[in-house]
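Q: Got a predicted model here, sequence first, then my questions.
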Amino acid sequence: MQTKDKVKLIVAAALDKKASEPVVFETTALTDVADYVIVVSGSSDRQVRAIADSIDEQLRKAGERPQGIEGEKEGRWILIDSTDVIVHVFYEPVRQYYEIEKLWMDAPRYVPDLPELNAASADRAPEAGLGR
């Protein structure tokens with residue numbers, strides 16, 4: 001699976017479970033760890049787990065097996081390592097506390113070509129579409 005397609009699949013799976021404020025960072029030029037970092041939020045530990053489960057399920061259906069998933073039990077910050085894409089699924093207050101987006105402030109931010117996501121992010125800072 002192409003990396004950009006994987007990013008779109010992950011964001012779609014998160015949005016399917018009503019994830020909020022998705023942000024996609026292209027980190028290729030900044031780190032060897034991953035090409036993209038995705039950050040999304042849920043409004044409860046139950047929703048955070050549901051978002052992570054949806055992402056895991058959709059990746060597996062596409063033939064991608066995550067290298068690791070951490071934090072599932074607590075449901076406050078779940079990390080999914082999908083080799084070239086790292087996903088952080090936060091309980092919203094935990095995301096605000098850690099402000100992880102500041103780590104990637106020099107990375108380009110993208111919005112995948114998904115109608116739901118593009119409509120939701122129209123009011124935010126300019127972000128390029130991932131489908132270019």
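A: In hand now; what should we look at? What you see is a predicted model; the values in this text were computed from it and never measured.
Q: which helices and strands sit right next to the strand or helix carrying V7?
A: When elements are assigned from DSSP states H and E, V7 belongs to helix 3-16. On a contact count with 3 or more Cβ pairs under 8 Å, 6 or more residues apart in numbering; DSSP states H and E, helix 3-16 meets strand 20-26, strand 36-42, helix 45-61, strand 85-91, helix 115-120. Yep, even glycine has a C-beta here, placed from its N, CA and C like the rest.
Q: and that helix, what's its mean pLDDT?
A: When pLDDT is averaged over helix 3-16, the result is 94.
Q: and the angle from it to strand 36-42?
A: With axes from the mean of the first three to the mean of the last three Cα atoms, to 10 degrees defining the directions, helix 3-16 sits at 0 degrees from strand 36-42.
Q: Next, the buried residues of helix 3-16.
A: 3-4, 6-15 (16 or more other Cβ atoms under 10 Å).
Q: next one: stretch 51-58
A: Buried-residue list, stretch 51-58, by 16+ other Cβ under 10 Å: 51-56, 58.
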